[in-house]
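Asker: predicted model and sequence follow; I will ask about them next.
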Amino acid sequence: MSEQAAGRITGIHTIGVPVTDQDKAIGFYVGTLGFEKRMDMPLPQLGSRWIEVAPAGGAVSIALVQAHDGLPSGRECGVRFTTPDAAALHRELTAAGVDVDELLNWPGVPPMFAFRDQDGNGMEIVQDMVQH
């Protein structure tokens, strides 16, 4: 990589997740997952809003982008969130009625599980094995 290219990308700000109803998505990500809403700005030219939510103190946010023909909802997003206790969070989300898969406990791999948001967008929870 050239020296010029080496300094152009310095981090990840936000990851877009397509949703069909932005208010319902806020309810899920803020109300159910406990994220904080960081931004909610109207986009009148698009007839939607720019909304960012994130885990409290998290450096990367999730943009709840209005789904459309070129950006449908209900897909695997490739987003992996971390938690200090995957089993406890799995129980909590199951009790809240979230669509979750079984908790996976494989030898040598952190406990993890997949879940889907209100639009069927697939994401994963992985237990943070770093000791704080």
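Answerer: In hand now; what should we look at? Please read these numbers as outputs of a predicted model, since none were measured by experiment.
Asker: what helix or strand is residue 115 on?
Answerer: Under the criterion of DSSP states H and E, residue 115 resides in strand 112-116.
Asker: distance between whatever helix or strand comes next after that strand and the chain's centre?
Answerer: The C-terminal neighbour of strand 112-116 among helices and strands, as given by DSSP H and E, is strand 122-127. Centroid separation for strand 122-127 versus its chain: 9 Å, with Cα atoms, centre = their mean, to the nearest Å.
Asker: contacts for strand 122-127?
Answerer: Counting by Cβ atoms under 8 Å, 6 or more residues apart in numbering, the neighbours of strand 122-127 from elsewhere in the structure are 75-77, 79-86, 89-90, 110-117. Where you see a C-beta, it was placed from the backbone N, CA and C, and this is true even at glycine.
Asker: dump that strand to CSV, keeping only the CA atoms.
Answerer: Output of strand 122-127 as CSV, limited to C-alpha atoms (Å, rounded to 0.1, in the frame of the first residue of the first chain):
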residue,chain,number,x,y,z
GLY,A,122,-29.5,-10.8,11.1
MET,A,123,-26.8,-10.0,13.5
GLU,A,124,-24.7,-11.8,16.2
ILE,A,125,-23.8,-11.4,19.8
VAL,A,126,-20.3,-12.6,20.8
GLN,A,127,-19.1,-12.8,24.4
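Asker: direction included, what does it pair against?
Answerer: Based on DSSP bridges, the pairing partners of strand 122-127 within the sheet are strand 76-83 (parallel), strand 112-116 (antiparallel).
Asker: by mean pLDDT, flag the weakest helix or strand of this structure.
Answerer: Each helix and strand of the chain was given a mean pLDDT (mean pLDDT, DSSP states H and E); the minimum falls on helix 3-6 at a mean of 62.
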